[in-house]
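Novice: Here is a sequence together with a model predicted from it:
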Amino acid sequence: MPEYAMSVVDSFPLGAATTLTELARDPHPRLAQLREREPVSWLPELDGWLVTRRDLALRVMRDAATFTVDDPRFSTAQVVGPSMLSLDGDEHTRHREPFNQPFRPREVRDGFASFIERETKRLITELEPAGAVDLRRAFAGPLAVAVVTEALGLVGTDAETVLSWYDTIVRSVSDITAGHEAAPAGAAAYAQLRAAVEATLADRGTSSLLVSAAGRLAVPEVASNAAVLMFGGIETTEGMITNALLHLLHHPDQLALVRGDFGLLDGAIEESLRLEPGAAVVDRYATCDTVLGPASIRKGDLVTVSLTGANRDPAVFPDPDRFDVRRENARLQLAFAHGPHYCLAAHLARLETRIALQQLLERLPALRLDPEHPTTPYGLVFRKPLTLHVLWDRPA
């Protein structure tokens, strides 16, 4: 803890009493208290500031000159090296620009919709006879992996291998964020991913996003950005599908509205993102002494934005804990972050989730939660149910 932080702990008693375990298990009551009384609070367990009010969260994410990701402590960079996720300014633009084109709205629809529909139908067809399954592992995860693999154009890999790399990298990033030393497995998984990227680039017969990016970036830079795209694409979409389905199945009245009008699915997805963003927090580091809300922040301090807290700000979202698929301003949610680091593949994640949910609801009769396996979202950095066991009526 910085020396001066010892003196500010008394000024932020709620932050001092907040544990990372509490934020991983059930953060919403504590975040509501912090947002109301200490909207920028010093958390000793975080060894940094936590921002929970939406207007202040936006200030941090928009101002990359004052609150940067470009710091050696940034957890993802420690595992995969510098990338668009961990750079700012001209270097951020140089790393991100080669990947922009395929993720624009029209390109996403034209390039991915038919593939997502085919893959979704294939997965559901395999599941249909069972009548019960963990949808996170048997459906949401494999779908997300298949789409990311397709988007990147990785050669010589399969979904199971990619998912194993991703799981290991996520664990390493989460360990670093929680203040632990990352296990060697994270570096090993990234080395395997990098080898797959290098093999893809060496295959002259392929045309892919990675090959296109290699015309403008060095091979290690292509690999690090492939890792964060894979990481974000799988994590975001797996979380979006499982969280949205959990919200709908927990609220039969809202599910009935959606079943009656699939045009409400987009609202349901945005509302689920608002209530439980798959990425709960984003980290920044102060580049200079500055004041943010009630906090006097010093150069070098960690400033963590709680997207989860900002998304339930009652100043913007009345009755913020209610799941309402007709909420008019749900798209003001910040689950994809904001500013220069707004999620590159947000349009793809939305399309994928919409197709997946509609197919599940149409094809699995009386889809419902399995009462023998209750579940809730969990996680400090990435939040989703660890499992999502569901039942449906099997075909006669």
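Specialist: Good, I have the coordinates. Numbers count the residues shown, from 1 in each chain.

Novice: Helices of the stretch 201-350 of the chain, start to end?
Specialist: Secondary structure of the stretch 201-350 of the chain (DSSP state H, counting those that start in this stretch): helices at 209-213, 219-250, 252-260, 265-275, 307-310, 346-363.

Novice: List the buried residues for the longest one?
Specialist: Buried residues in helix 219-250, defined by neighbour count with 16 or more other CB atoms under 10 Å: 221-249. C-beta coordinates here come from the backbone N, C-alpha and C atoms, glycine included.

Novice: Could you give the separation of it from the chain centroid?
Specialist: Taking CA atoms, centre = their mean, to the nearest Å, one finds the center of helix 219-250 at 6 Å from the center of the full chain.

Novice: I'd like the mean pLDDT over it, please.
Specialist: In this model, helix 219-250 has a mean pLDDT of 92.

Novice: Also the fourth one?
Specialist: For helix 265-275, mean pLDDT rounds to 98.

Novice: which residues make contact with that helix from outside it?
Specialist: 240, 243-244, 247-248, 254, 258, 311-312, 317, 321, 323-327, 330-333, 335-336, 350, 353-354, 357-358 (CB atoms under 8 Å, 6 or more residues apart in numbering).

Novice: tell me which residues of it are tucked away?
Specialist: 265, 267-275.

Novice: sorry, back to before: for Leu56, which of the helices of the stretch 201-350 of the chain is the nearest?
Specialist: For these, distance to Leu56 was read as CB to CB. The smallest value, 8.1 Å, belongs to helix 307-310.

Novice: What are the buried residues along the closest one?
Specialist: Quick answer for helix 307-310 (16+ other CB under 10 Å): 307-310.

Novice: Residues touching that helix, excluding its own?
Specialist: 27-28, 31-32, 34-35, 50-54, 57-58, 276-277, 279-282, 334-335, 337, 383.

Novice: same check, this time on stretch 135-149
Specialist: Against stretch 135-149 from outside (CB under 8 Å, 6+ apart): 112, 115-116, 119-120, 123-124, 127, 133, 157, 159, 162-163, 166, 229-230, 233-234, 236-238, 241-242, 245, 348, 352, 356, 360, 384-390.

Novice: Of those, grab the buried ones for PyMOL.
Specialist: Selection command for PyMOL covering only the buried members of the contacts of stretch 135-149, criterion 16+ other CB under 10 Å:
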select buried, resi 112+116+119+120+123+124+127+133+157+159+162+163+166+229+230+233+234+236+237+238+241+242+245+348+352+356+360+384+385+388+389+390
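
Novice: Local confidence estimate at Val197?
Specialist: So, for Val197, pLDDT stands at 88.

Novice: and Arg136, that one's in a strand?
Specialist: No. Arg136 is assigned helix when assessed by DSSP: H, G, I helix; E, B strand; the rest coil, not a strand.

Novice: what about it, distance to Ile241?
Specialist: Using CB to CB, to the nearest Å, Arg136 is found at 8 Å from Ile241.

Novice: same question, Val69
Specialist: From Val69 over to Ile241 (counting by CB to CB), the distance is 27 Å.

Novice: swap in Val197?
Specialist: 26 Å.

Novice: And for Asp370, the neighbour number?
Specialist: For Asp370, the neighbour count with other CB atoms under 10 Å is 16.

Novice: I'd assumed Thr387 was in contact with it.
Specialist: No. If you go by CB atoms under 8 Å, Asp370 and Thr387 don't touch, sitting 9.4 Å apart.

Novice: which residues of the protein score low on pLDDT?
Specialist: Within the chain, the ranges that satisfy pLDDT under 70 run 1-7, 204-207.

Novice: that older thread, tell me which of the helices of the stretch 201-350 of the chain sits nearest to His180.
Specialist: With CB to CB as the measure, helix 219-250 is the member of the helices of the stretch 201-350 of the chain nearest His180 (18.5 Å).

Novice: ok, the residue nearest to Cys343 when sequence neighbours are not counted to Val170 distance?
Specialist: Spatial nearest neighbour of Cys343, excluding adjacent residues (CB to CB, 6 or more residues apart in numbering): Phe336 at 3.8 Å. Distance, Phe336 to Val170, using CB to CB: 18 Å.

Novice: same deal with Pro142?
Specialist: For Pro142, the distance to Val170 equals 16 Å [CB to CB].

Novice: do Leu210 as well
Specialist: Going from Leu210 to Val170 by CB to CB gives 21 Å.

Novice: which one of these two has more residues nearby?
Specialist: A side-by-side neighbour count of Leu210 and Val170, using other CB under 10 Å, places Leu210 first with 27 against 20.

Novice: Now that one. Nearest residue, chain neighbours left out?
Specialist: Thr200 (5.2 Å).

Novice: now swap in Thr308 and tell me
Specialist: In space, Thr308 is closest to Ala280, 4.6 Å off (CB to CB, 6+ apart).

Novice: and that neighbour, what does it touch?
Specialist: So Ala280 contacts 23, 27, 306-308, 379-383 (CB under 8 Å, 6+ apart).
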